[in-house]
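Engineer: Fold the following.
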Amino acid sequence: MNQTLKKQPVAFVTGASSGFGLLTSVALAREGYRVLASMRDLDKRGRLEAAAKEAGVTDRIEIIQLDVTDFSAAETVIQNVIEDYGQIDLLVNNAGYAAGGFTEELAVEEWQRQFETNFFGLVAVTKAVLPSMRARRSGKVVNISSISGRIGFPSMGPYVASKFAVEGFSESLRLEMLPYGVHVVLIEPGSYKTEIWSKGLDAVSVNPDSPYVKEMEKILKYVNHVADTAPSPYEVIQQIVHVAKSPYPKLRYPVGKGVKLGIVLKNILPWKWWERMVMKRLWDR
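Structural biologist: Numbers count the residues shown, from 1 in each chain. Sure, this is the predicted structure:
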């Protein structure tokens, strides 16, 4: 390996084929990182390659295959990267998707699949990185959570539960790793224009015989409106870059219109008041 590559800080990003992962990979490369951009399906690498070429950072991004639900592969891939590049300075756990539907109608297997990717995959990749960071007493683990990791939403139980799990895991891990100079950070975006909306909505079908058919139609109408009016995700990417450059980042970074206010209101209002607000907003439509 040449000396230039050795001097570059190294970032590992999961779920880099689209959305936050793709944009983060390009942004970090622009900031001088050597980026290992991982994705489950290498056939979907075209958009990242095009974005990297347009940004002039093709030589700083290496695209690698990783399905985070293959836990042994996650460990092998991470160890290979550390052997090749000497270290991983920044891990961005972004891989994930949103499963939706009313709890009564969702198979337990759907909950398992959601947690395998959004939570257990994140834990597996993180565990593989920690020994090196601990030994070097340096590094950052950035977990892409969501406003859904702080506030529940009907018909999104699996996704919300997985993000709540990521939040609790990150709190615990932060306290474990701070003595070793490793910072664990949560990015908590609100609604932005990424593929997670379309992918999540495509998977939800309204069964005309469902007892929840009216509620689901209202939910889909609401979510479609949110997705159509959501802003560009670049604000989130800027926050990730800020965390990457910060020597002492905080634990949580809520990002997006109304996100901080929503969290504050949920925390300070009596639950009955909060409940009433949510019910009125969703069902009185």
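
Engineer: For the rest of this, base every contact and every neighbour count on C-alpha atoms.
Structural biologist: Fine.

Engineer: what about the chain, any weak spots by pLDDT?
Structural biologist: 1-6, 193-206, 284-285 (pLDDT under 70).

Engineer: Tell me where it has helices.
Structural biologist: Under the criterion DSSP state H, the chain contains helices at 3-7, 19-30, 46-55, 71-85, 108-115, 122-136, 157-177, 195-202, 213-229, 234-245, 259-268, 271-283.

Engineer: Is it possible to get CSV of those helices that adds mean neighbour count?
Structural biologist: Formatted as CSV, these follow (neighbours: other Cα atoms under 10 Å):
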stretch, mean neighbour count
helix 3-7, 11
helix 19-30, 24
helix 46-55, 16
helix 71-85, 16
helix 108-115, 16
helix 122-136, 19
helix 157-177, 20
helix 195-202, 15
helix 213-229, 15
helix 234-245, 18
helix 259-268, 13
helix 271-283, 12
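
Engineer: what would those look like in TSV with distance to Ala98?
Structural biologist: Shown next, in TSV, are those (distance: least, Cα to Cα, whole Å):
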stretch	distance to Ala98
helix 3-7	36
helix 19-30	13
helix 46-55	21
helix 71-85	20
helix 108-115	7
helix 122-136	15
helix 157-177	5
helix 195-202	5
helix 213-229	12
helix 234-245	18
helix 259-268	19
helix 271-283	19
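
Engineer: I'd like to know which of those helices lies nearest to Asn93.
Structural biologist: Between Asn93 and the helices of the chain, the tightest spacing by Cα to Cα is seen for helix 122-136, at 6.1 Å.

Engineer: and that closest one with helix 108-115, angle?
Structural biologist: 30 degrees (axes from the mean of the first three to the mean of the last three Cα atoms, to 10 degrees).

Engineer: Show me what helix 122-136 is in contact with.
Structural biologist: 68, 71, 74-75, 78-79, 87-89, 91, 93, 95, 139, 141, 177, 180-182 (Cα atoms under 8 Å, 6 or more residues apart in numbering).

Engineer: what about the helices of the chain, which gets the closest to Met39?
Structural biologist: Per Cα to Cα, nearest to Met39 of the helices of the chain: helix 19-30, 9.1 Å.

Engineer: Return the list of helices and strands in contact with the closest one.
Structural biologist: Judged by 3 or more Cα pairs under 8 Å, 6 or more residues apart in numbering; DSSP states H and E, helix 19-30 is in contact with strand 10-13, strand 34-39, helix 46-55, strand 61-65, helix 234-245.

Engineer: make it 6 Å
Structural biologist: If you count contacts as 3 or more Cα pairs under 6 Å, 6 or more residues apart in numbering; DSSP states H and E, helix 19-30 packs onto no helix or strand.

Engineer: i'd like the first residue to be 335 from this point on
Structural biologist: Taking 335 as the first residue, the last one we looked at is helix 353-364.
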